[in-house]
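Asks: I'd like to go over a predicted model; first the sequence, then the structure.
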Amino acid sequence: MGNSYHKQAGNHDHFTRKNGKALMTIPRIVIAGTHSGCGKTTVAGGLMGALVAKGYRVQPFKVGPDFIDPSHHSRICGRESRNLDPFMMGETGCRDTFLRASETSDVAIIEGVMGMFDGVDGTDLASTAHVARILQAPVILVVDAKGMSRSIHALIRGFREFDPTVSIAGVIVNRTGSPRHRAMIEPFLALPALGWLPRSDEIAVKSRHLGLVMGHEPAPHREIAALIAEHCNLDAIILAARAAPPLPATAHADIKVAPGSRIGIAYDKAFCFYYRDNLDLLERSGAELVFFSALTDHLPSVDAVYIGGGYPELFLPNLASASCTMELKKAAGDNLPILGECGGLMYLARDVLGEANHRMTGILPASATMTKRVQALGYTKGTITSKGAGFLTPGQTITGHEFHYSQLDPDRDARFTITLSRGKGIFNGRDGLVSLNALGQYTHAYFSPEFARCFVDAAVSFSRT
């Protein structure tokens, strides 16, 4: 297909005014799927890569709480991918994150989650369609044609008519078997065809137990981008993105700043699951972020430490012998504020048990065990209790997501600071294991300004002791 359209260089001023109101005009498109596994991740990443290769500044997004797909987006686009999740962020939070991140881009590509209408507990909440409506963004529907010809039309028409408030600009037909297969489908499509992808099972990103491999690992991004560029109509896709209406510009709320603290962020192959919005919020609250590797670096001179999730189970011997492990234990004894999530929670425990037992920091009174089956998967919501709240304020709410193949066995006298109204947590709806000034939780939290401020305040207090 011909792709003659080129971006207008130098035009990044998205702000306009109408009737005295500030508006932002940001070209944007949502890549949705009929179901998980239909190819939307391949299409979204490939489209990002194809447009970057043509000189566009592409701002990537991912619907839902996933960490892995955004890591690939960021590598492809050279810009930090952001999550858009109405359950964790609210509708206003989704709009604010989208507008803030897209200000200096040429086009925004938003990868959906699961099937287009699949939301929380069988509802529309936090579905791809929900986010498309929030952003008034046109949708491209990825349809897997394997094993279908005429039946594909019933599928496409059903998606088009199910929710008329969602604007579907066209379809990309994936895994067509041959030119004859395409010829059987094309004349009767109810929506414009923006691409026809041949079956190419060898071009895929590898998986492991939590999903795809991370973005820093080898993946055929260039090959997928070339496939999209060859078989999709990039001109028509850009025109569809440009048809998105202006969005009201939002005034960014002032955040009370507590300057003078340094927060260490453990970021390496073992710990790499972070919502970029969380890190930005810590910075906007006055903290200086200091990135380090728990695998290879000494613990830096910081006033608090944040250890996200990831794959510590792949590096247990390395973590057990790392200098940082014992240094963090000593710093915890000095009352250093520490937050560990999921994999970070395991690292804060005494040890990880299995075929071989590996000593961890021993900061929290518990042992962790890897399992062959997923132990928890889904959204979490809870409240900070007054008992053992650590550096958090009792009564705060916390929202996030949990997904892990490990389980934690806490001591009988262990103190928990989070009571979940939704989710499993560490034990029977309790999360947030506390010891000294350290907090470990299975919840991957999407920080509220109050949560971030509590953590930064704790760092400031530590810096003054």
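Replies: Good, I have the coordinates.

Asks: where do the helices sit along the stretch 151-300 of the chain?
Replies: 151-162, 179-185, 221-231, 234-242, 276-284 (DSSP state H, counting those that start in this stretch).

Asks: possible to save those as CSV with distance to residue 337 and mean pLDDT?
Replies: Where you see a C-beta, it was placed from the backbone N, CA and C, and this is true even at glycine. CSV is the format used below for those (distance: least, Cβ to Cβ, whole Å; pLDDT from 0 to 100):
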stretch, distance to residue 337, mean pLDDT
helix 151-162, 48, 97
helix 179-185, 58, 96
helix 221-231, 38, 94
helix 234-242, 43, 98
helix 276-284, 12, 96
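
Asks: Could you dump these into TSV and include distance to residue 305 and mean neighbour count?
Replies: Shown next, in TSV, are the helices of the stretch 151-300 of the chain (distance: least, Cβ to Cβ, whole Å; neighbours: other Cβ atoms under 10 Å):
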stretch	distance to residue 305	mean neighbour count
helix 151-162	46	15
helix 179-185	54	15
helix 221-231	32	18
helix 234-242	41	20
helix 276-284	12	20
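
Asks: Dump those into JSON lines; add distance to residue 310 as well.
Replies: Below are the helices of the stretch 151-300 of the chain laid out as JSON lines (distance: least, Cβ to Cβ, whole Å):
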{"stretch": "helix 151-162", "distance to residue 310": "35"}
{"stretch": "helix 179-185", "distance to residue 310": "41"}
{"stretch": "helix 221-231", "distance to residue 310": "21"}
{"stretch": "helix 234-242", "distance to residue 310": "33"}
{"stretch": "helix 276-284", "distance to residue 310": "15"}
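
Asks: Going by neighbour count, list what's buried in the host helix or strand of residue 49.
Replies: Using DSSP states H and E, residue 49 maps to helix 40-53. Neighbour-count burial for helix 40-53 flags 40-52 (criterion: 16 or more other Cβ atoms under 10 Å).

Asks: Name the surrounding residues that touch stretch 174-183.
Replies: 38-39, 42-43, 142-146, 149, 173, 185, 196-199 (Cβ atoms under 8 Å, 6 or more residues apart in numbering).

Asks: Please, a PyMOL command that selects the buried ones among these?
Replies: A single PyMOL command selects the buried members of these (16+ other Cβ under 10 Å):
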select buried, resi 38+39+42+43+142+143+144+145+173+185+196+197
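
Asks: May I ask which two of the contacts of stretch 174-183 are separated the most?
Replies: 42 and 149 (21.7 Å; Cβ to Cβ).

Asks: domain parsing for the chain?
Replies: Domain assignment for the chain, taken from automatic domain parsing, gives 15-248, 261-463.

Asks: can you redo those as TSV with distance to residue 255?
Replies: Shown next, in TSV, are the domains of the chain (distance: least, Cβ to Cβ, whole Å):
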stretch	distance to residue 255
domain 15-248	12
domain 261-463	5
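
Asks: For those domains, which has the smallest mean pLDDT value?
Replies: Lowest mean pLDDT within the domains of the chain: domain 15-248, a mean of 92.
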